[in-house]
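**Q** My questions concern the predicted model and sequence given below.
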Amino acid sequence: MNLSLLLWGIPQAMRAAARVYPAYADRLKERNLVAQFRLRDRPEGRWIQLDGGKVRTGKGLHQRPDLTIHFKNREIAEGFLTPPFD
């Protein structure tokens with residue numbers, strides 16, 4: 001799968017899950033943070049912000065993320081983030 005699509009889909013899935021599962025929506029309200037996914041070999045990525053249960057996202061690198069998940073390259077990131085298909 002395309003990495004851009006995978007990274008775009010994560011916050012979409014989080015929002016959908018929060019609408020369907022009230023307990024999950026409550027858990028999202030417990031933390032306020034910015035998480036960032038990025039590649040080590042390229043200056044590209046995507047950030048996801050949790051703020052009072054709201055999920056915001058943006059393309060590119062955030063200036064002050066609370067946590068960053070680095071992937072060595074695009075191939076590893078796509079393999080890790082792609083759900084298993086049975």
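**A** Okay, I see it. These numbers were taken from a predicted model, which means no experiment stands behind them.
**Q** got the contact list for the lengthiest helix in the chain?
**A** Longest helix in the chain by number of residues (criterion: DSSP state H): helix 3-20. Helix 3-20 is contacted from outside by 24-25, 28, 37, 45-46, 48, 53, 55-57, 74, 77-78, 81-82, using C-beta atoms under 8 Å, 6 or more residues apart in numbering. Backbone N, C-alpha and C define where each C-beta goes, glycine included.
**Q** Could you look up the next helix or strand downstream of it?
**A** helix 22-28 (DSSP states H and E).
**Q** can you pull the alpha-carbon coordinates of that following helix into CSV?
**A** Provided in CSV are the C-alpha atoms of helix 22-28 (Å, rounded to 0.1, in the frame of the first residue of the first chain):
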residue,chain,number,x,y,z
PRO,A,22,-17.7,5.5,23.3
ALA,A,23,-15.1,3.9,25.5
TYR,A,24,-12.4,4.6,22.8
ALA,A,25,-13.6,8.2,22.5
ASP,A,26,-13.1,8.6,26.3
ARG,A,27,-9.6,7.2,26.1
LEU,A,28,-8.7,9.7,23.4
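**Q** neighbours around the nearest residue to Gly52 once chain neighbours are set aside, how many?
**A** Spatial nearest neighbour of Gly52, excluding adjacent residues (C-beta to C-beta, 6 or more residues apart in numbering): Lys29 at 6.2 Å. Neighbourhood size, Lys29 [other C-beta atoms under 10 Å]: 13.
**Q** picking that back up, out of the contacts of helix 3-20, list just those in helices.
**A** 24-25, 28, 74, 77-78, 81.
**Q** Take these and lay them out in CSV including pLDDT and distance to Pro65.
**A** Listed next are the ones in helices among the contacts of helix 3-20 as CSV, based on pLDDT from 0 to 100; distance: C-beta to C-beta, whole Å:
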residue, pLDDT, distance to Pro65
Tyr24, 96, 22
Ala25, 96, 23
Leu28, 94, 17
Arg74, 90, 20
Ala77, 91, 16
Glu78, 92, 21
Leu81, 91, 17
